[in-house]
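Peer 1: Predicted structure and sequence below. I'll ask about it afterward.
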Amino acid sequence: MVAITEFQKIGVGLSGFGVFFVLFGVLLYFDSVLLAFGNILFLSGLAFIIGLRRIAHFFFQRQKLRGTTFFLGGVVLVLLRWPRIGMIVESYGFVLLFKSFFPMAFGFLGTVLNIPFLTAIFNKLSGSSSSMV
């Protein structure tokens, strides 16, 4: 069993509040203050969870520099009160950063949710060749 430190617990809380504020900001027609606050909370929570050295290593890998540029550029645009353009740029950067993670996540969702129709869709999205539907 992996021991979770107090900093990681604080990081999960900060990240959770960050996601909440970003979603709430989008629901309120891209309120720039809520989006900026959510971005700051999410990034600080991520730093608390995995640490500054690991977060720097993740974001500044050679193959992820384009995604990092778009993601952090979107955060800066949101902070400069251009929320719509910033969220579009940030979303594109998020997809570029985590595109290698999506097939694994879809495969996991396909196994957790044992609904035949959804399992077939998640298996197709994850690239899995198992036909156990």
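Peer 2: Right, received. Where do you want to start?

Peer 1: In contact with G51, which residues?
Peer 2: With contact set as CB atoms under 8 Å, 6 or more residues apart in numbering, G51 has no partners. Bear in mind the C-beta positions are built from the backbone N, C-alpha and C, glycine included.

Peer 1: surely G13 meets L41?
Peer 2: No - assessed by CB atoms under 8 Å, G13 is found out of contact with L41, at 9.2 Å.

Peer 1: Find me the pLDDT at the spatially most central residue of the chain, would you?
Peer 2: The chain has F94 as the residue nearest its centroid, 6.3 Å off, counting by CA atoms, centre = their mean. Reported pLDDT at F94 in the predicted model: 92.

Peer 1: who's in contact with it?
Peer 2: G67, F71.

Peer 1: how far away is it from G67?
Peer 2: 8 Å (CB to CB, to the nearest Å).

Peer 1: cool, and K99?
Peer 2: K99 is 8 Å from G67, by CB to CB.

Peer 1: Among those two, which residue is more densely surrounded?
Peer 2: Relative neighbour count places G67 above the other of K99 and G67, with 19 against 11, counting by other CB atoms under 10 Å.

Peer 1: The more buried one against L96, yeah?
Peer 2: Yes - contact criterion CB under 8 Å: G67 and L96 qualify, at 3.1 Å.

Peer 1: Same question for the longest helix seen in the chain: list its buried residues.
Peer 2: Secondary structure of the chain per DSSP state H: the longest helix is helix 6-27. Using 16 or more other CB atoms under 10 Å as the test for burial, helix 6-27 gives Q8, G11, L14, S15, F17, G18, F21, V22, G25, V26.

Peer 1: Of those, which is the nearest to R81?
Peer 2: Distance to R81 across those (CB to CB) is lowest for G25, with 12.2 Å.

Peer 1: List the residues that contact the closest residue to R66 other than its chain neighbours.
Peer 2: Counting by CB to CB, 6 or more residues apart in numbering, L96 is the residue found nearest to R66 once chain neighbours are left out, at 6.0 Å. Contact analysis of L96 by CB under 8 Å, 6+ apart lists K64, R66, G67, F70, F71.
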